[in-house]
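Chemist: What follows is a predicted structure for the sequence shown.
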Amino acid sequence: MSKKKGLNFEEKRARMMEIFFETKDVFQLKDIEKIAPKEKGITSMSVKEILQSLVDDGMVDTDRIGTSNYFWAFPSKALHARKRKLEELESQFAESSQKKEHLQKSIEKSKTGREDTEEREALLKKLAALRQKKEQLKKEIDKYRECDPDVVEEMRQTNQVAKEAANRWTDNIFSIKSWAKRKFGFEESRIDKCFGIPEDLDYID
């Protein structure tokens, strides 16, 4: 025999709402934990979770009196809630329909002047040819960009900065070598060898 399929989450919610609607009573959590498994087939372990989800959705009201929490839900409130939801959905539908109509009008309007005529086809071909020509000219300009005076000047300034930086580091190396020779009495060739300094290291003119 096949195993009896358990209730899914929404089915449990629906059955718990039946408890409130059928009795029109106010309950504590412990009361629902006793009634739900026996009358509605909802496991006692899931009662609290199901009840809280209904409270969060505004389907069940709750209030704390003294040290106890009480829960209730009357059919009239559920009816009003459904009416409000229906009105909200109808409003959204009307708004969406209006947007759709507006978009359809915009589409129709945008089609005006774009009918497939010989003149339009010729203009589109001409436009495509001009775009292709533009790309070719851009590539030609890029080829000669290195000859642009502004680009050449920018390269010259960049080279000057690099040269000054290289000479500054060379000067620092010479200063450190001089200090090491004075401090430790090392020969210059030994210092060069230890630190991988080329023998022909010199300033850039």
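Modeler: That came through, no problem.

Chemist: any weak-confidence spans in this protein?
Modeler: 1-5, 78-81, 110-116, 143-152 (pLDDT under 70).

Chemist: Could you pull out the helices in it for me?
Modeler: Here the chain has its helices, by DSSP state H, at 9-23, 29-35, 44-56, 75-111, 118-143, 149-184, 188-195.

Chemist: For S68, find the nearest of those helices.
Modeler: Across the helices of the chain, S68 has its closest neighbour in helix 29-35 (8.7 Å, Cβ to Cβ). All C-beta spots, glycine's among them, are computed from the backbone N, C-alpha and C.

Chemist: which residue of this structure sits farthest from its center?
Modeler: Relative to the C-alpha centroid of the chain, counting by Cα atoms, centre = their mean, G185 is the outermost residue, at 63.9 Å.

Chemist: To L201, which of the helices of the chain lies closest?
Modeler: helix 149-184 (6.4 Å).

Chemist: in that closest one, what's buried?
Modeler: K177, A180 (16 or more other Cβ atoms under 10 Å).

Chemist: now it against helix 188-195, angle please.
Modeler: Put simply, helix 149-184 runs at 110 degrees to helix 188-195, going by axes from the mean of the first three to the mean of the last three Cα atoms, to 10 degrees.

Chemist: From the chain's centroid, how far away is helix 149-184?
Modeler: Its chain's average C-alpha position is 47 Å from that of helix 149-184, according to Cα atoms, centre = their mean, to the nearest Å.
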